[in-house]
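Student: Pasting the sequence and the predicted coordinates here, then a few questions.
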Amino acid sequence: MNILTLLVLIPVLTMVAVLFTKDYKGARLASAIGMGIELIATVYLVLAYLAARKTGMMHEMLFTSDFMWYPSLNIHFAFGVDGIAVAMIGLTSIVIFAGIFASWELQFLTKEFFVSLILLVTAVYGFFISLDLFTMFLFYELALIPMYLLIGLWGTGPKEKSAMKLTLMLMAGSALIMVGILGLYYNSAPGGGPLTFNILEISKISIPVAAQRFFFPFAFVGFGILGALFPFHTWSPDGHASAPTAVSMLHAGVLMKLGGYGCFRVAMFLMPQAAQEMAWIFIILTTISVVYGAFSAIWQTDLKFINAYSSVSHCGLVIFALLMMNETAMDGAILQMISHGLMTALFFALIGMIYGRTHTRDIRQMGGLMKVIPFLAVVYMIAGFASLGLPGLSGFVAEMTVFVGSFQHQDMFHRVVTVIVASSIVITAVYILKVVGILLLGPLKDQHHAELTDAKWYEKLSTVTLVLAVAAIGIAPLWLSDTIVASLKPIVARLAMVIPF
Amino acid sequence: MDLGQFILMRHELLLTIAALAILVAEIFTSEKNKSKLINFALVLFALVTFIGFIPGETGNLFGGSFQSSQLTVFMKNVLNLAVLIVFLQAEGWLRKPENADKISEYFILTLSTLIGMNFMISAGDFLIFYIGLETATIPIAGLAAFDKYKSQSAEAGIKLILSSALSSGILLFGLSMIYGATGSIYFADIANKVAPNALIALGFVFFVSGMGFKISLVPFHFWTADVYEGAPINVTSYLSVVSKGAAAFIFTIVLFTVFKNIVELWKPMIYTLAIATMTIGNLFAMRQNNIKRFLAFSSIAQAGFILLGILGAGELGMTAIVYFVLVYVFTNLGAFGVVAAIHNASGVETISGYNGLYQTNPKLSWLMTISLFSLAGIPPIAGFFGKFFLFTAAAGSGYYILVLIAVLNATISLYYYLLVIKAIFIEKNEQPIPEFRSSNSMRIALVMCITGVLVTGFASGIFEYIRSISKLFLN
């Protein structure tokens, strides 16, 4: 069986297994085993991909399979991965694995929770491996719906309002995407011949420029909404703050990446001319995203809100870098996706664990936690350092690559926005250090906190998995970066064909 | 004419025989054993539905007044399937003591309307079309007023008959103008002679208005919510699915075959109606607390989506509509089935009454959720495919902005479907609807619906088959 089919099948089988369990212990065990196997399958995929690359298949989609589904509309189940997709799949597997253990103690409708969570992940895998716009769209929408129940049922605070807002805004985004996809479909055979939804086939032809100009904003903004593009990001802080731990981890860590991924894989790759022409508009929007997100994080007192606004900032940086449209910046964008995915998942996991102990997320009520929960505190610091871009951790590599790539543009506009965006590093340092200082250092603010227990084994497993991944990318980024760059070549080449840099 | 040719009318003939058989059975059944009529009718109709699926001849009868093609046969089969599900869902309700003396009436009235709808689908001229229309409409008023001691039900019957009479009059007025302009009532003749002139345009407007009442397009929808609310729930589901589905089929057939030469005349009209119907249906649905009224407005909005397929005038549009109605049958009957089961067991009809349903009736909750997600067009269930193909058809004609409006409307609709899901799963309730077990036939019906909803999208063969027979029909 094709490894990619297996990647989608394992979560489906896991869901079935969870359905047959009797109590919460069975449900979480089945989920953990299923997602453990998924992680192993992912490792196999990565190794197989690296091995295949060595044989010289640098730029191609690998492990492809193609099943005709709706012949009259030329809709296929077309799967395949390049280095970028493999990286995103790796990210997904790590985050869901950690997410399962971060939800280890959940006892309210456990079976339903894990089924919804794994359904979400199934859709994410399906999205990343799809080469057909129809199936990609199908998986995209499928990923959004479990979110409603996950936040609405297991969330905290104004969870119903947040869940509704998130679902509706993202569905509105998918409305835009749908128009974009249909536009691509009907313009996929300008010289006659069968229309197609296949990304690779569309990439071989040139969509008429007028059509590109019309449909690019639909596709880009549609995906951009999920990538927290300003001013469509407002669902994100509310959604993240209300979601339960594992859902926040997955949503900020993985689901938001679907937005960025769609932006370049669908909108920019297939409509390069329009992407070039309109990039400046979205560059300005993402610049605002980055700076505004970071500034907003400074003023928050709720740990989840801090991280949610920080996500707006970091995800803004992803789209910003994509719009720079050169190899280095786009490489940085993908690295940033992965880096942010890992560290934000780590943050949310930790916030969940701290909240589970202190029953508050308000930083003003906490202090001196380093003494009572040293393991969690140290991991929190590592996550913070990764977030502010400390060398040796993933954030540094990603941000450096983004800024180096962005600065390759010689013109004033690009240079100015790059400088503005780079200033976010300082702002990020402000809020991260402030939070670390208030939360972990100093005297203990609440005497009840003196009795807190440190991380349990499953919490350690969850966080250490993520820390290892963050550190691995920080210490040895080259193999990941190389893989990404090799796969970026056709995309960058197509973008550069229009207006040479 | 060879008598054997009557086999072309097998759907209509079978239904007539079934209706007569039930009538005769009624005569020979004692008062005590009346409820056995239900089983008899169910088995009989299941047989009729099955026979309908056996492949047979196609062709014309009565000089083209009656036309049978693979597509029309398929449409009739879809309606039969829907009615079978409705009958299965109605079984428990019919067994209630207050309905004991009118069991056969329910079946005969329903079958009569179905016969009318079948004739409309096969009509080759406006005479058969109109007779079919009246045959299909008048018994429905009787059905709506079925709970004759409930004032709401009686009122629903009156409202339906009055609005139907009005719409029939308007439609007939339009048809007479079209006859005046073309000199024929035969579809084939009119199709050749119809041209965009003032009389045709006026006649066409009246025709669309008349049909608009049947499909509940805005602004001809005013009767819908009241009638849906007042009628017994099993009649409401019939109205919302079978009656509306049939009207959509017929409207599409007439537009695509009779008025195909004046496409430019009717496209702007349908465009406007589509936007109004989707948007107003959605906006009103949001404010409902009675689940029947809620589903009424939701079905108005769904009718707006069907119009997108009509704008995709052609093979893909036809395919998308027939496919959408098929999906809609499973989806909406799934939702109505749950509503009926709950109503029959507890009398609850409000959305807030569903609060906390998941605690006591998880299976029904999931059924309702899947049905509502399908109505909202969420993958991977069939409703997603149904809507996607309608949108694809409209986009194929270049209506991208309309598609955008439609998809945004689908998002709005998701909001109110989520409100029901929220009530079921998230809202707390000290005393939720107590746990109950539905009748076996209701369970069979719900399993049929859910299987249809889960399978239809993935089994692309169904869509491809509809496409192939649509191609044959339109060429």
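Tutor: Okay, I see it.
Student: C-alpha only now, for contacts and for neighbours.
Tutor: Noted.
Student: For chain A, give me its nearest residue in chain B.
Tutor: Closest contact between chain B and chain A, by CA to the nearest CA, is at B:Val407 (5.1 Å).
Student: Any stretches of chain B with poor pLDDT?
Tutor: Filtered on pLDDT under 70, chain B yields the residue ranges B:1.
Student: hang on, the earlier thing: tell me which element the residue of chain B closest to chain A is part of?
Tutor: helix B:400-425 (DSSP states H and E).
Student: how about the next helix-or-strand element following that helix: buried residues?
Tutor: The helix or strand immediately downstream of helix B:400-425 is helix B:440-455, counting by DSSP H and E. Of all the residues in helix B:440-455, those buried under the rule 16 or more other CA atoms under 10 Å in any protein chain shown are B:441-443, B:445-450, B:452-455.
Student: For the residue in the stretch 151-300 of chain A positioned nearest to chain B, give me phi and psi.
Tutor: Residue of the stretch 151-300 of chain A nearest chain B, by CA to the nearest CA: A:Ala175 (5.1 Å). Here is the backbone geometry of A:Ala175 (degrees, to the nearest 10): phi -60, psi -40.
Student: Excluding covalently adjacent residues, which one is nearest to it?
Tutor: Nearest non-adjacent residue to A:Ala175, counting by CA to CA, 6 or more residues apart in numbering or on different chains: B:Val407, 5.1 Å away.
Student: hmm, back to that, so the residue of the stretch 151-300 of chain A closest to chain B touches B:Leu402, yeah?
Tutor: No: taking contacts as CA atoms under 8 Å, A:Ala175 lies outside contact range of B:Leu402: 11.5 Å.
Student: and A:Gly99, what is it in contact with?
Tutor: A:245-247, A:249-250, A:349, A:462 (CA atoms under 8 Å, 6 or more residues apart in numbering or on different chains).
Student: Save the residues you listed as CSV, and put in distance to chain B too.
Tutor: Below are those laid out as CSV (distance: CA to the nearest CA, whole Å):
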residue, distance to chain B
A:Thr245, 18
A:Ala246, 19
A:Val247, 17
A:Met249, 22
A:Leu250, 20
A:Ala349, 24
A:Ser462, 29
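Student: right, and out of those, which lies closest to A:Glu201?
Tutor: A:Leu250 (31.5 Å; CA to CA).
Student: Report the secondary structure element holding the closest one.
Tutor: Going by DSSP H and E, A:Leu250 is part of helix A:245-250.
Student: Going by contacts, tell me the helices and strands next to that helix.
Tutor: helix A:83-102, helix A:133-154, helix A:327-358 (3 or more CA pairs under 8 Å, 6 or more residues apart in numbering or on different chains; DSSP states H and E).
Student: what does stretch B:226-234 contact?
Tutor: Residues contacting stretch B:226-234 (CA under 8 Å, 6+ apart): B:86, B:89-90, B:143-147, B:152-157, B:159-160, B:236, B:239-240, B:290, B:292-293, B:296, B:336, B:339-340.
Student: Check A:Phe501 and give its pLDDT.
Tutor: Predicted confidence (pLDDT) for A:Phe501: 41.
Student: so which of the buried residues of helix B:440-455 are also by chain A?
Tutor: Contacts with chain A within the buried residues of helix B:440-455, counted by CA under 8 Å from any CA of the partner chain: none were found.
Student: Out of the residues you listed, which two sit at the greatest distance?
Tutor: B:Ser441 and B:Val455 (20.8 Å).
Student: Which strands or helices does whichever helix or strand B:Ile170 is part of pack on?
Tutor: Applying DSSP H and E as the criterion places B:Ile170 in helix B:151-182. Counting contacts by 3+ CA pairs under 8 Å, 6+ apart, helix B:151-182 is packed against helix B:126-144, helix B:187-193, helix B:198-215, helix B:222-230.
Student: close to chain B, is the helix or strand hosting A:Asp238?
Tutor: Counting by DSSP H and E, the element that carries A:Asp238 is helix A:235-242. No: under the criterion of CA under 8 Å from any CA, chain B is not reached by helix A:235-242; the shortest gap measures 14.1 Å.
Student: and that helix with helix A:133-154, angle?
Tutor: 40 degrees (axes from the mean of the first three to the mean of the last three CA atoms, to 10 degrees).
Student: returning to what we had before: go through the helices and strands packed on helix B:151-182 and name the closest to A:Val86.
Tutor: Once the helices and strands packed on helix B:151-182 are compared by CA to CA, helix B:198-215 is nearest, at 49.4 Å.
Student: List the neighbours of that closest one that are in contact with it.
Tutor: Contacts of helix B:198-215 (CA under 8 Å, 6+ apart): B:163-164, B:167-178, B:181, B:194, B:218, B:220-221, B:243-244, B:247-248, B:251, B:265, B:300, B:303.
Student: what about burial for these, which qualify?
Tutor: B:163-164, B:167-168, B:170-178, B:181, B:194, B:218, B:220-221, B:243-244, B:247-248, B:251, B:265, B:300, B:303.
Student: What residues does A:Ser339 make contact with?
Tutor: A:Ser339 neighbours (CA under 8 Å, 6+ apart): A:394-395, A:398, A:470, A:473.
Student: what about 10 Å?
Tutor: Residues in contact with A:Ser339 (CA atoms under 10 Å, 6 or more residues apart in numbering or on different chains) are A:91, A:253, A:314, A:332-333, A:345, A:386-387, A:393-399, A:469-471, A:473-474.
Student: so what strands line up beside the strand ranked longest in chain A?
Tutor: For chain A, the longest strand by residue count, based on DSSP state E, is strand A:62-70. Using DSSP bridges, the strands paired with strand A:62-70 in its sheet are strand A:75-81 (antiparallel).
Student: How far off centre is the strand it pairs with?
Tutor: 21 Å (CA atoms, centre = their mean, to the nearest Å).
Student: Let me see the mean pLDDT of it.
Tutor: 90.
Student: Compute the inter-axis angle for that strand and helix A:83-102.
Tutor: 90 degrees.
Student: In stretch A:8-25, which residues are buried?
Tutor: A:8-12, A:14-15, A:17-19, A:24-25.
Student: just stretch B:31-46 next, same as before
Tutor: Quick answer for stretch B:31-46 (16+ other CA under 10 Å): B:34-35, B:37-38, B:41-42, B:44-46.
Student: Nearest to A:Ser424 among the helices and strands packed on helix A:245-250 would be which one?
Tutor: Of the helices and strands packed on helix A:245-250, nearest to A:Ser424 by CA to CA is helix A:327-358, at 14.3 Å.
Student: Next, the angle helix A:235-242 makes with the closest one.
Tutor: Using the same axes, to 10 degrees: helix A:327-358 against helix A:235-242 is 30 degrees.
Student: List the buried residues for helix A:327-358?
Tutor: Buried-residue list, helix A:327-358, by 16+ other CA under 10 Å: A:327-354, A:358.
Student: distance between whatever helix or strand comes next after that helix and the chain's centre?
Tutor: Using DSSP H and E, the helix or strand that directly follows helix A:327-358 along the chain is helix A:369-372. Relative to its chain's centre, helix A:369-372 lies at 31 Å (CA atoms, centre = their mean).
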